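Chemist: pasting the structure only:
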């Protein structure tokens, strides 16, 4: 089982690096107080699901979930000494 823990740790580190890169590529939320005056996109906007930024956010959320689950599994494997 030591090879399994090494492989899982390597994949975990790789996912972590990819997550950092994805977060850096995302556009900042710099609208500030313009949201109050109606300068923000509406919830039912036409292009909500089609923009590159929304795709990056979805992929980041999926990858973060995989990272969290993989980290817990790796912890359980190493804690039990398999």
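Modeler: Cool, got the structure. In this text the structure is predicted, and so the values were computed from the model without any measurement.
Chemist: Only C-alpha atoms from now on, for both contacts and neighbour counts.
Modeler: OK.
Chemist: what's the spacing between the closest residue to residue 53 other than its chain neighbours and residue 60?
Modeler: Of all residues not flanking residue 53 in the chain, residue 26 sits nearest, at 6.2 Å (Cα to Cα, 6 or more residues apart in numbering). The span separating residue 26 from residue 60 equals 10 Å under the rule Cα to Cα, to the nearest Å.
Chemist: Could you check which of the two has the larger neighbour count?
Modeler: Neighbour tally, residue 26 and residue 60, criterion other Cα atoms under 10 Å: the higher count belongs to residue 60, 19 against 15.
Chemist: Could you tell me the model confidence score at that one?
Modeler: The score at residue 60 is 93. That number is its pLDDT.
Chemist: Wait, it touches residue 24, no?
Modeler: No - applying Cα atoms under 8 Å as the test, residue 60 and residue 24 come out as separate, 10.9 Å apart.
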